[in-house]
Every structure is written in structure tokens, then in C-alpha cells.
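Peer 1: predicted model and sequence follow; I will ask about them next.
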Amino acid sequence: MFFLKSGYKFAIAVSISVVLICGCATSVDKRISMVYAQNIEYREWPDRILEKRFQEYWFNLFDGRVEDAYQIESPYLREMVHLGKYNNYVKHTTRNKLVNVEIQEITKETDSLISVSCTIRTQVGNDKPVNTSIIDRWVYVGEKWYHVINDPILLSN
């Protein structure tokens, strides 16, 4: 850019700034409403990045961002289950609204495996909210946290 006149340099700099600012302003906040059981505090996450990935996964799943949720699934699942089959497996979640996730317990099974006991509260339209208790597992692979689905039906051919 040293060969351009200063007016052009300024115009290019302003254009780049606008693109960067607009790009940041349009990013989606992928946080969900989380509540913690009385015996647990939000600080009990062994890794803040895991907490962020947890929220991002559940946001993506209920917001219909199936491809984004799929990318957070464990590498072995993505190797065994193609996106189309995964989409059929999770498509029912988009008709539900995620009300909140209540965290009951976060257990460090190993350095690379975490279990999160939680209750997923969902609602369809004006119906009464439904609570589903699960143990959500996360594995640390290649310096990233991934969601673990342990469902023999999904994993079968």
C-alpha cells in the first residue's frame, strides 16, 4: 500500500474498519440461560472454554444451526455419522424452545472427560415446559472440547 496516495490509503483503511466493525456487530451471541442447583456454583467448570462450548452447542442445537452443532460433536461421531443422518436425529429439537439448562453437577471423570448432570427445560408454543434430565459428556481432543453422544441407535448403520 506504500505506493498508493494517502487519500486512497485512508479510504481503504476506513473500508476495512467498517467491514470489521459490521462483522463483529452481526455475530450471534450463543449463550443460553443457565441456572445452577443450590449445591453448585458457576465457578465449578474445570475450564471456561468448556462452559462456552457447552452453551454454544445447546444454543446451536435448539436454534436450528445443525451444521454448527455437528462441528462440536466428537470427531469419532463425525467420522461415523454423516451430517444428513445427524440432522434427522436432531431435527425435532428445533420445534422446541430452550427455556434454560439447570446444572446439577459437573464431574471430572478424567483430565479429558467431563460429565455434566443437568436438566434441559424446553417448551413448545404455549404448552407447559418439559424437563429432561441428562448426563451430558464432553471430551477434550486436540486441544478442543467436543460433545459426546452415546446413542447406539444413532451410531448404528
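Peer 2: Arrived safely, thanks for sending.

Peer 1: buried ones in whichever strand or helix holds Lys85, by neighbour count?
Peer 2: Assessed by DSSP states H and E, Lys85 sits inside helix 83-90. Judged by neighbour count (16 or more other CB atoms under 10 Å), helix 83-90 contains these buried residues: 86, 90. From N, CA and C alone the C-beta is placed, and that goes for glycine too.

Peer 1: the longest strand that the chain contains: how far from the chain's middle?
Peer 2: Using DSSP state E to define each element, the chain has its longest strand at strand 97-110. When distances are taken as CA atoms, centre = their mean, to the nearest Å, strand 97-110 is centred 13 Å away from the chain's centroid.

Peer 1: adjacent strands (with direction) for it?
Peer 2: Within its sheet, strand 97-110 is paired with strand 34-36 (parallel), strand 113-123 (antiparallel), according to DSSP bridges.

Peer 1: quick check: buried residues in it?
Peer 2: Neighbour count says strand 97-110 has 98-103, 106 buried, by 16+ other CB under 10 Å.
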